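K.L.:
Build me a model from this:
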Amino acid sequence: MNFTKEDLQKEVSYKTSRSGGKGGQNVNKVSSKVELLFNFDQSALFTEEEKQLLWSKLQSRLNKDSNLQVVCEEERSQYLNKEKAIEKLILILTRALQQPKIRKAVKPTKAMIAARLAKKKIQSAKKDNRKKNFDDQ
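P.N.:
This next block holds a predicted model:
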């Protein structure tokens, strides 16, 4: 993961269109909605292994041209929407490139087993005390 915001901005393309939402009459005049398109297959920022990992994890987010598409229309200005879109892209890419930790199976210690059994005995005794004693009636 050796990419920065500036490196990504060189390799992305933007589409803008008019957005709905807040802004009043400004919404009808200004193209503030931003669609960010990024093709990581053609990117020089990632190794082949990273590209394979991105392809496998982000396959459902790719459009028909194999571009990763991020849409942002939260803000009133196009500039702020571009900034938010690039931040979303960075978040998506960093999450996709993270390798999960490999779980190592650990054998329980004797103390852990004894503590679990003691806890079970206490719980069993509680439930035995709650039972109605039918012989007393």
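K.L.:
for the protein, where's the lowest mean pLDDT among helices and strands?
P.N.:
helix 26-29 (a mean of 72; mean pLDDT, DSSP states H and E).
K.L.:
Just the helices from this protein, written as ranges.
P.N.:
Using DSSP state H, the helices of the chain run over 5-11, 26-29, 48-57, 78-97, 110-130.
K.L.:
which of the ones you listed sits most buried?
P.N.:
Mean neighbour counts were taken over these using mean count of other C-beta atoms under 10 Å, and the top value, a mean of 17, falls to helix 78-97. C-beta here means a position set from N, CA and C on the backbone, and glycine is covered the same way.
K.L.:
Which residues does that one contact?
P.N.:
Helix 78-97 is contacted by residues 1, 3, 5, 8-9, 12, 14, 16, 19, 30-36, 38, 40, 50, 53-54, 57-58, 61, 68, 70-75 when judged by C-beta atoms under 8 Å, 6 or more residues apart in numbering.
K.L.:
one more time with 6 Å
P.N.:
Met1, Thr16, Ser32, Val34, Leu36, Leu54, Lys57, Leu58, Val70, Cys72, Glu75 (C-beta atoms under 6 Å, 6 or more residues apart in numbering).
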